[in-house]
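Colleague: Predicted structure and sequence below. I'll ask about it afterward.
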Amino acid sequence: MKKKLLTAVITVMCLMIVAVVFAACGNTGGDEIIIGEGMKEYVLEAEYTPVEGKIGGAQSGSASGYDLIMKSSAEGVSEGYFVHNIHMTDCTLEFNFKAERAGTTAIYIRLISQWGNTTFTPDNFGVVLNGKEITYQSMLVKGSTDYAPEFVDKLVTQNAEVKAGDNKLELIVRENTLNTYTHSTGGPAIDCVKLVTDTGISWNPIKENLDHVGQIEG
Ligand SMILES: [Ca+2]
């Protein structure tokens, strides 16, 4: 009898451990941004990247160019705008920046998914720095909407290599079936990218983009 009880207790404990591990792996929340000694955080807004002429895709229909930028007064939207409707295979956001010297950087992406809880992986959403694919662990993002976005910062990597001088970070929507309406390619909506590094980053935000943006309030 005692043995049976012991077995039952051990079984329950094992199940609890499995549940805790599963919960840790299934984290839809944001990752804490850790800024170590001598490091600095640099925020590169998605809405200030070159969107002119880019072809995206709406939930069902088309979207392109400056229409990819959405104004939003929702809480937690950095600088009040984000980029959405990039639901098109190979649609790419480019963040061009300069580093004072070679080194490494942590990369966080602030994003949402309108496709319900979504797992982004290098297969459906590529992160490429200077032509080199970053093989990040999957990012589980809680579903929300463009009109009530709940952006979170997700850590892509702690130590991507940056070059002295010009660098290009690309976020690439890969062919997938995340779009639950058309069962075709879907991407996230992106608020900004955060780099944490000691290499000294600068960039030229294209703030003129906002002169062309519609006035759809979030
Ligand atoms: Ca933003």
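Modeller: Structure's in. What do you need?
Colleague: following the strand or helix carrying Leu169, which helix or strand shows up next?
Modeller: Per DSSP states H and E: Leu169 is located in strand 165-173. Going down the chain from strand 165-173, the next helix or strand is strand 189-197, by DSSP H and E.
Colleague: what's in contact with the helix or strand that that following strand is followed by?
Modeller: Sequence order places strand 201-202 as the next helix or strand after strand 189-197, per DSSP H and E. Strand 201-202 is contacted by residues Lys40, Tyr42, Phe97, Lys98, Ala99, Glu100, Thr105, Val162, Leu195 when judged by Cβ atoms under 8 Å, 6 or more residues apart in numbering. Using the backbone N, CA and C atoms, a C-beta is placed for each residue, glycine as well.
Colleague: For the ion, state which of these is nearest.
Modeller: Taking Cβ to the ion as the measure, the ion lies nearest Tyr42 of the contacts of strand 201-202, at 13.6 Å.
Colleague: Parallel or antiparallel, list what pairs with the helix or strand that contains the closest one.
Modeller: Using DSSP H and E, Tyr42 sits in strand 40-45. The pairing partners recorded for strand 40-45 under DSSP bridges are strand 189-197 (antiparallel).
Colleague: got the angle for the partner strand vs strand 165-173?
Modeller: When axes from the mean of the first three to the mean of the last three Cα atoms, to 10 degrees is applied, the directions of strand 189-197 and strand 165-173 differ by 150 degrees.
Colleague: Tyr108 contacts Val193, doesn't it?
Modeller: Yes. Contact criterion Cβ atoms under 8 Å: Tyr108 and Val193 qualify, at 7.0 Å.
Colleague: which ones among the contacts of strand 201-202 come in contact with the ion?
Modeller: When contact is defined as Cβ under 5 Å from the ion, the contacts of strand 201-202 do not meet the ion at all.
Colleague: With neighbour count added, can I get the residues you listed in CSV?
Modeller: Formatted as CSV, the contacts of strand 201-202 follow (neighbours: other Cβ atoms under 10 Å):
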residue, neighbour count
Lys40, 13
Tyr42, 18
Phe97, 20
Lys98, 16
Ala99, 20
Glu100, 14
Thr105, 24
Val162, 25
Leu195, 24
